[in-house]
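1. task: produce atomic coordinates for the following.
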Amino acid sequence: MNVLLVDDDFFVVAALEQKIDWKSLNIETVYTANNVAQARDILQRHPVQILISDIEMPQGSGLELLAWIREEKYCLQAIFLTNYADFNYAQKAIELQSFEYFLKPIEFDKMMLIIQKAIAKVKEQQQNEKAIQEGSFWQNNQAQIIEHFWRKLVSDSISLPLTANAIANSVKTQNLPYHMTEIFQPILINFFPYHGSLAKEENGLFVFALLNVLHELFHNSSFTVETIWQHQENNWILILKWKEERTQSSATLMELCSLFIHQANQYLKCDICCNVAPPEKLEGISQIIKQLLNISEEMAKTRNNTFFIEDYYKDHRANYIPPNLAPLEDLLNHNKPTAFLEQTTQYLKEMTKNNTLNTSGLSLFRLDILQLVYSFLKVKGVEAHKIYTGKTNNQLFVRSLSSIEDMEEYLKYLVNTAMEYRGLASQPKSIVEEMKQYIQIHYGDDLTRNDLAEIVYLHPDYLARIFKKETGISLGSYIIQIRILTAKHLLETTNLSIYTIASKVGYANYSHFSKIFKQEVGLTPHEYKKAHLI
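-> Reported below is the predicted structural model:
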């Protein structure tokens with residue numbers, strides 16, 4: 001058995017050659033190539049059973065190489081290496097029937113296991129060549145073939161629903177045991193993992209547990225689970241195939257989804273939202289899938305609930321009605337964040353209950369609340385764009401449209417942060433003392449009013465006003481005072497040159513320093529130094 005390593009990075013190829021125990025794997029020959037053209041030449045001249053290839057290369061990608069391999073009917077197992085966890089790459093790799101998709105940097109112990117599995121797969125394929133001719137290949141690979149069919153159907157339906165003829169042609173080409181009049185029902189499951197859940201910490205174990213739970217719960221006499229796969233991060237699609245008359249189908253699915261939500265909360269450590277599409281014949285399923293995905297994007301979700309998109313279309317009245325902002329503004333001004341959050345939560349619940357809120361409306365609501373809080377902070381002299389920065393703010397902001405609960409979490413952060421800095425701004429003595437201490441330490445730096453205002457997240461004009469009110473002098477005058485006092489001390493106690501002292505106290509220009517010093521002291525620095533010589 002032979003292997004081909006393809007990577008434009010010489011060191012990656014060398015590391016794979018040296019650090020993998022090819023002999024123990026019974027690999028006879030390890031071929032290497034640094035680009036797609038070299039790889040094609042080797043494949044045309046030598047039998048290769050396993051390909052390990054980078055995806056991104058300057059002279060042609062690994063995906064292009066695998067597409068050529070499949071077109072030329074070479075039978076080998078492909079393992080891709082990449083620096084990017086990109087779903088589009090993974091999806092394309094699946095379409096080209098790659099064996100594995102492995103993220104760099106390479107962990108050689110794990111790579112050994114993957115290669116061992118690939119070798120086992122090669123052996124299995126070799127043993128199954130006769131079985132393929134006899135028709136048993138379909139039985140052994142049914143799950144993967146079906147999953148691939150539905151993945152592609154969903155992917156193609158996103159832009160434009162497929163025609164019945166297109167679906168029928170795909171069924172015929174892949175020799176699927178489907179009739180166009182059979183009934184299928186897609187369910188889109190949104191996951192909201194808790195902190196520390198398997199979905200965040202151990203994805204492989206999470207997937208294993210999830211598939212077990214779904215297959216066990218949705219085992220029913222009326223339908224079968226055709227396939228389950230991850231459509232996007234934290235979004236999975238479940239396809240059911242009905243076997244008989246769909247009596248009370250909604251009630252059955254509602255009960256099963258409720259049980260699944262309970263088990264997901266308990267065992268998978270996730271909140272769940274189940275979005276159930278209506279059952280449809282295979283010939284019209286593409287349109288249903290497109291509707292399901294569109295509504296999932298549009299709908300303002302509440303966690304741990306099941307939604308039927310038929311009801312959404314029937315009852316939804318998407319017309320954003322903003323909350324009464326005056327009482328909310330009053331609560332902010334009277335330092336009542338708890339009451340503020342209670343009212344916003346009540347508003348969200350009412351809008352959701354009446355089906356008058358979608359993600360567009362939720363976005364407008366967020367904008368109204370942001371404007372209210374930013375306006376509140378501006379009056380207090382706090383610059384909002386400086387306190388609402390960083391990873392936490394960005395993550396909460398992005399997630400806030402994912403569900404009503406995520407919006408509530410974002411509002412809690414938004415309001416509590418505003419109150420925290422509002423409290424700081426309402427204590428001018430503390431702010432002034434902080435400014436004094438900072439200036440006394442950093443008098444040699446380039447101190448501007450804007451730089452100092454950033455330290456306490458206040459508007460420069462507001463900082464200047466409260467500083468003068470508390471001290472009786474302007475911020476600029478105080479900086480000069482500290483610098484001149486320090487310069488006098490250095491002139492009295494050291495042999496440093498006047499140029500050096502000027503630089504140490506924040507004056508790069510000697511003439512400017514001399515002028516300011518004489519204005520404040522009545523003597524030039526040279527005269528002052530001479531007068532204080534012992």
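2. doesn't Ile455 make contact with Tyr438?
-> Yes - in this structure, Tyr438 sits in contact with Ile455. The criterion is Cβ atoms under 8 Å, and the distance is 6.3 Å. For glycine as for every other residue, the C-beta is placed from the backbone atoms N, C-alpha and C.
3. per-residue confidence for Phe206?
-> Per-residue confidence for Phe206 comes out at a pLDDT of 83.
4. same deal with the one 10 residues further on?
-> In the prediction, the pLDDT value recorded for Glu216 is 85.
5. check the gap between it and Ile239 for me.
-> 17 Å (Cβ to Cβ, to the nearest Å).
6. for the closest residue in space to Leu253 that isn't next to it in sequence, give me phi and psi.
-> Sequence neighbours aside, Val276 is the residue nearest to Leu253 in space, at 5.7 Å (criterion: Cβ to Cβ, 6 or more residues apart in numbering). The main-chain torsion angles of Val276 are listed as degrees, to the nearest 10 and equal phi -100, psi 120.
7. check contacts around Val276.
-> Gln185, Ile187, Ser250, Leu253, Cys257, Thr306, Phe307, Phe308, Ile309 (Cβ atoms under 8 Å, 6 or more residues apart in numbering).
8. okay, domains of the chain per the record?
-> Following automatic domain parsing, the chain resolves into domains at 2-131, 142-315, 325-425, 428-531.
9. the closest residue to Ser403 other than its chain neighbours and Val36, how far apart?
-> Spatial nearest neighbour of Ser403, excluding adjacent residues (Cβ to Cβ, 6+ apart): Lys301 at 4.5 Å. Going from Lys301 to Val36 by Cβ to Cβ gives 44 Å.
10. which residue is nearest the centroid of the protein?
-> Nearest to the mean C-alpha position of the chain, by Cα atoms, centre = their mean, lies Gln395 at 7.9 Å.
11. and that residue, its phi and psi?
-> Note on Gln395: its backbone torsions stand at phi -70, psi -50 [degrees, to the nearest 10].
12. the one 5 residues further on too?
-> Backbone dihedrals for Ser400, given as degrees, to the nearest 10, come out at phi -60, psi -20.
13. please, which helix or strand holds the nearest residue to it once chain neighbours are set aside?
-> Nearest non-adjacent residue to Ser400, counting by Cβ to Cβ, 6+ apart: Tyr410, 3.8 Å away. Element membership for Tyr410 (DSSP states H and E) is helix 404-425.
14. what packs against that helix?
-> In terms of contact count using 3 or more Cβ pairs under 8 Å, 6 or more residues apart in numbering; DSSP states H and E, helix 404-425 is assigned the packing partners helix 337-353, helix 359-379, helix 384-387, helix 391-399, helix 428-441.
15. taking helix 359-379 as reference, get the angle to it.
-> 10 degrees (axes from the mean of the first three to the mean of the last three Cα atoms, to 10 degrees).
16. quick revisit: the residue nearest to Ser403: what secondary structure?
-> Classification of Lys301 into helix, strand or coil gives coil, according to DSSP: H, G, I helix; E, B strand; the rest coil.
17. so who does it touch?
-> Applying Cβ under 8 Å, 6+ apart, one finds that Lys301 lies in contact with Asn190, Cys273, Phe307, Ser402, Ser403, Ile404.
18. okay, it: pLDDT?
-> Lys301 carries a pLDDT score of 89 in this model.
19. can you name every helix or strand that the longest helix seen in the chain contacts?
-> If you go by DSSP state H, the chain has its longest helix at helix 108-134. If you count contacts as 3+ Cβ pairs under 8 Å, 6+ apart, helix 108-134 packs onto helix 10-19, strand 50-54, strand 77-82, strand 100-103, helix 136-157.
20. mind checking which of the helices and strands packed on helix 404-425 is nearest Arg45?
-> Counting by Cβ to Cβ, Arg45 lies closest to helix 391-399 out of those; the figure is 51.0 Å.
21. tell me what angle the closest one forms with helix 404-425.
-> Using the same axes, to 10 degrees, helix 391-399 lies at 140 degrees relative to helix 404-425.
22. buried residues of the helix or strand that contains Cys257, list them for me.
-> Assessed by DSSP H and E, Cys257 sits inside helix 249-263. Within helix 249-263, the residues scored as buried using 16 or more other Cβ atoms under 10 Å are Ser249, Leu253, Leu256, Cys257, Phe260, Ile261, Gln263.
23. who touches that helix?
-> Identification of contacts with helix 249-263 by Cβ under 8 Å, 6+ apart yields 185, 187, 213-214, 217-218, 220, 222, 242, 272, 274, 276, 279, 304-306, 308.
24. buried subset of the residues you listed, written for ChimeraX?
-> Under the burial definition 16+ other Cβ under 10 Å, those of the contacts of helix 249-263 that qualify are selected in ChimeraX by:
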select :185,187,213,214,217,218,242,272,274,276,279,304,305,306,308
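25. in helices, which of the contacts of helix 249-263 appear?
-> Taking DSSP H, the ones among the contacts of helix 249-263 that sit in helices are Val213, Leu214, Leu217.
26. among those residues, which one sits closest to Lys123?
-> Out of these, the member with the shortest distance to Lys123 (by Cβ to Cβ) is Leu214, at 31.1 Å.
27. distance check, the closest one against Glu147.
-> When distances are taken as Cβ to Cβ, Leu214 and Glu147 turn out to be 14 Å apart.
28. what do you get for Val6?
-> Relative to Glu147, Val6 is positioned 27 Å away (criterion: Cβ to Cβ).
29. likewise for Glu280?
-> Relative to Glu147, Glu280 is positioned 19 Å away (Cβ to Cβ).
30. where does the chain have its least confident helix or strand?
-> Of the helices and strands making up the chain, the lowest-confidence element is helix 87-95, at a mean of 59, by mean pLDDT, DSSP states H and E.
31. which one of the helices and strands packed on helix 108-134 has the lowest average pLDDT?
-> Ranked by mean pLDDT, those bottom out at strand 100-103, which scores a mean of 71.
32. just checking: what are the partner strands of that one?
-> In the sheet, strand 100-103 lines up against strand 77-82 (parallel) (DSSP bridges).
33. output the partner strand as CSV, nothing but the C-alphas.
-> As requested, C-alpha coordinates have been extracted for strand 77-82 and formatted as CSV (Å, rounded to 0.1, in the frame of the first residue of the first chain):
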residue,chain,number,x,y,z
GLN,A,77,-8.8,7.7,0.5
ALA,A,78,-8.1,11.5,0.8
ILE,A,79,-7.1,13.2,4.1
PHE,A,80,-7.1,17.0,3.9
LEU,A,81,-4.9,19.3,6.0
THR,A,82,-5.8,23.0,6.4
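34. mind listing what's buried in it?
-> For strand 77-82, the buried set under the neighbour-count rule, 16+ other Cβ under 10 Å, comprises Gln77, Ala78, Ile79, Phe80, Leu81, Thr82.
35. list the contacts of the first one.
-> Same thing as Gln77. Listed by Cβ under 8 Å, 6+ apart, the contact partners of Gln77 are Gln49, Ile50, Leu51, Phe99, Ala118, Lys121, Val122, Gln125.
36. tell me what the second one is bridged to.
-> Looking back up the chat, that one is Ile50. Applying DSSP bridges to Ile50 yields these beta-bridge partners: Val3, Gln77.
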